[in-house]
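Colleague: Sequence and computational prediction follow.
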Amino acid sequence: MAFRLRLVPEKTNIDFFRWAPVTFGGSVALVVAAIILTFFMGLNFGIDFRGGTTIRTESTRAVDVGAYRQALSPLNLGDVTITEVFDPTFREDQHVAQVRIQAQEGDEAITPETIASVEAALQAYDPAITFPSVESVGPKVSGELIKTAVYSVLAATLAICGYIWLRFEWQFSVGAVVALIHDIALTIGIFSLFQLKFDLTIIAALLTILGYSINDTVVVFDRLRENLIKYKSMPLRDVMNLSVNETLSRTVLTSGTTLIALIALLVFGGDVIRGFVFAMTWGVIVGTYSSVYVAKNVVLMLGVKRDWGKKPEGGPGGTQFADIDA
Amino acid sequence: MLQIPLWKRIVILGLCALGLIGAAPNLFYDRVERHNDAVAAVERTGVESEDQTAAIAAWPSWLPSAIVNLGLDLRGGAHLLAEVQVEDVYKQRMDALWPEVRRALVSEAKVAVRRIKGAEGELRVEIDNPEAMEKAVEVVRGFASPVVTLTGVGQNDLDIRTEGSQIIVTLSEAERTVTDDRTMKQSVEIVRRRVDAAGTREPTIQRQGQDRILIEVPGIGSAAELKELIGTTAQLTFNQVIRRSANKDEPAGVGNVNYPSAEEEGVYYILDELPVVTGEELVDARPDFDQNGRPAVGFRFNASGARKFGDYTAEHVGELFAIVLDGKVISAPQIRTHIGGGSGIITGTFTPEETDKLAVLLRAGALPAKMEFLEERTVGPELGQDSIDAGRVAAIVGTVAVVVLMIASYGLFGVFAAVALGLNISMMFAVLSAMGATLTLPGIAGIVLTVGMAVDANVLVFERIKEELKTAKGPARAIELGYEKAMSAIIDANLTTVIAALILFFLGSGPVKGFAVTLMVGLITSVFTAIFVTRLFVVTWFARKRPKTITV
């Protein structure tokens, strides 16, 4: 027999509910923690969401944040953030920094004079400096972008929920949505914890995470549906364990290939999309976890109608196990 | 059964071949791009230069030449979101209405009137004789005409109400809607003409929502440059000069305005507010030189403009007239003789570049209203190139790693999946090229992500085959069942992702939209390659070898 890489043994028989108080309970606790964290620490919104200007500087001379700040201080621009950008793909003499200027009071549109004066001030300090990218977003647009972002995440969640409801049972749809909320909350939470820049591309990443996570969840659900028909008398909890075990090798391998691709992008993809790729990498990890440990726990709690022909007597078949993990 | 009909095989292989051919031009991006540009240029101008012939010959014309567009974040360029101040037009309309209303009120209603400053876009007229109010309102009503819209039948274009001894005229709701729409169409058209005149590649100029225009111009140095080009109103008028002044606050009197000189500090001109001729009646403007060899802009009026200008100059020989651009007097020459023929030059202290630009602006016409810029982004071409290089490295590393993992896990079946992955990537590029889609930096991330996710459908099938093998039904049956039973999971899993991608596409903008497109195309091609292509490989291999047992 030829060599085969086995990430997961041929046959597994793991009880995924055994540590439910830790896994599911831990997830609940983390989600709550993420929400509280985001509420108190807030997010480091990029200019997409709060208006302002970012200027990317590049120079052959090392970045001196203090000197940049000093060069800009006579301009009275209010809140100015200067961060040096590091990246393994940079050349030896490539020094990049990001200058962020808040939206100026009372300006609906961006004044080119402000940008020009900032560029002039920095150039006076370091004549070799160039500005490979300049972005400005007015407060009017940023407000709308926030609205659109929230709508799109909500709309995607609802649409996915609706689709699952059509294809499966409502319990599955609730389970899937809880898993999605888990993924989104934890992703936003980590952006808040490390105060990573949260901009429009992160919203795109969130939506991709939604898609990926649901993909994983659906594969497990699909197998569960099949096994529910096959093993009519097996308790719901055991059918679930069986389904997850049967699909485990696939779950691990697909997450593996996706993570490999994402990690390649994270390392070699450059700093411009690092935040975006980081959100997706994190989301894939969380999403894989949630489809194994979160989605089906919710379905188990809600129970599933097993006797398709008959009317349920004394509630759906699965409810007898409902208290186990709750 | 493990049979795939011949026609199906041909269709599958044909689509794969199309994918490979369609993706090929992207490998020779620069060459194909030059070829396409040259072909387009030759078609437009009808003449072919030596360089263009070489560029066209560099890529055979029988090969497909569609390539993916590179987004601004990859190519470099400027992105602007402008809001057109549509209310400007209301004011202009009211200002234009006022002299006529005044004349009519004086002659028909026999009242003395004066205009009072009201809100923006409002014409507020006070009449001295309240008894004549009714008659006056009737006279003003005479100016209103019905608006033609799809819904607003029977609405007039003017709302007229009274307030004490004042008559207030505004544009009606229906007329505002119609006017806004016209203003936007004009603005988009004029922006397009100005950007086209600057001669850059494939600019995007789109109306967005009620009163916005999205402008994306690849290859331009900065958003500031672009703004200068499209943000200038370029309203050119020729006005009668009442007198010169040295005081910017000197009251101009009714029907007159006080404009500063563009050249001399502290010099102001009191002008008749109603222009003699406007830039709208220009048919041509080009950079020129005056008799002293200084840069100037030559212009020509259309027939009615030429007549008005001719009549005016004939009546006002010896007087000054002002050439006004965007509220500044460029020059105020003396009329020496009657100027017939309707052409002339504008002189001032111009540089040759400035006359070039002014000529472009005048030819393109004036913007009907001012624009405010809500969002602007500039990406330098080097940063874009860096991003492309980084994306390429990441894509190669990612693909190789995924292929290694697949082959290590599934052996020969993994090789099938790897070949299918290669076909999948080329089909993605083929589809994106054929769609004329724009590849953005997040789009590259989308491609790399699909590389990771694309094998998922294969993994589902292979795992399923493996399970079916355990129940010992023989390899042929196991393969068949594997495909059959994995299908519902593949469809459900991918459809839900497509839902997320669709929402991204409709609600997202710019780079995010590009990401959604690549994600969606990638999902479709990956399902196709997994369901049809690898299956074809597996089935063909199986039919040839007829192995007693298989290991997946």
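Modeller: Perfect, thanks for sending it.

Colleague: Can you report how many residues neighbour A:W170?
Modeller: Per other Cβ atoms under 10 Å in any protein chain shown, the neighbour tally for A:W170 reads 13. C-beta: built from backbone N, CA, C; applies to glycine.

Colleague: One more: A:I260?
Modeller: If you count neighbours by other Cβ under 10 Å, A:I260 ends up with 20.

Colleague: Now the helix or strand harbouring it: buried residues?
Modeller: A:I260 is part of helix A:236-268 when elements are defined by DSSP states H and E. By neighbour count on 16 or more other Cβ atoms under 10 Å in any protein chain shown, the buried set for helix A:236-268 is A:236-237, A:239-251, A:253-268.

Colleague: Against which helices or strands is it packed?
Modeller: helix A:200-230, helix A:274-293, helix A:295-302, helix B:381-410, helix B:441-470 (3 or more Cβ pairs under 8 Å, 6 or more residues apart in numbering or on different chains; DSSP states H and E).

Colleague: Quick one: distance of that helix to the chain centre.
Modeller: What separates the centre of helix A:236-268 from the centre of its chain is 17 Å, taken as Cα atoms, centre = their mean, to the nearest Å.

Colleague: ok, residue 223 - contacts?
Modeller: Just so you know, I chose chain A. Residues in contact with A:R223 (Cβ atoms under 8 Å, 6 or more residues apart in numbering or on different chains) are A:243, A:246-247, B:489.

Colleague: nope, chain B please
Modeller: A:134, A:136, B:78-80, B:376-378.

Colleague: 7 Å instead?
Modeller: Taking Cβ atoms under 7 Å, 6 or more residues apart in numbering or on different chains as the contact definition, B:A223 lies against A:134, B:78, B:80, B:376-378.

Colleague: Check B:F289 too.
Modeller: B:F289 sits in contact with B:295-296, where contact means Cβ under 7 Å, 6+ apart.

Colleague: Leaving out the residues flanking it, which one is nearest to whatever residue of the stretch 201-350 of chain B ends up closest to chain A?
Modeller: Nearest to chain A, among the residues of the stretch 201-350 of chain B, is B:A224, at 4.9 Å (Cβ to the nearest Cβ). Closest residue in space to B:A224, ignoring its immediate chain neighbours: A:P112 at 4.9 Å, by Cβ to Cβ, 6 or more residues apart in numbering or on different chains.

Colleague: thought A:S255 was touching A:T288?
Modeller: Yes: when contacts are counted by Cβ atoms under 7 Å, A:S255 is listed as touching A:T288 (4.4 Å).

Colleague: mind checking how far B:E315 is from B:G253?
Modeller: Between B:E315 and B:G253 the computed distance is 21 Å (Cβ to Cβ, to the nearest Å).

Colleague: which pair in the contacts of B:A223 spans the largest distance?
Modeller: Farthest pair in the contacts of B:A223 (Cβ to Cβ) is A:V134 and B:L80. Separation: 12.0 Å.

Colleague: Next one: the residue nearest to B:A224 from B:G522, what distance?
Modeller: From A:P112 across to B:G522, the span is 39 Å (Cβ to Cβ).

Colleague: neighbour count winner among these two?
Modeller: Shown here are A:P112 and B:G522; by other Cβ under 10 Å, B:G522 has more neighbours (27 against 19).

Colleague: Which strand or helix spans the more buried one?
Modeller: helix B:511-528.
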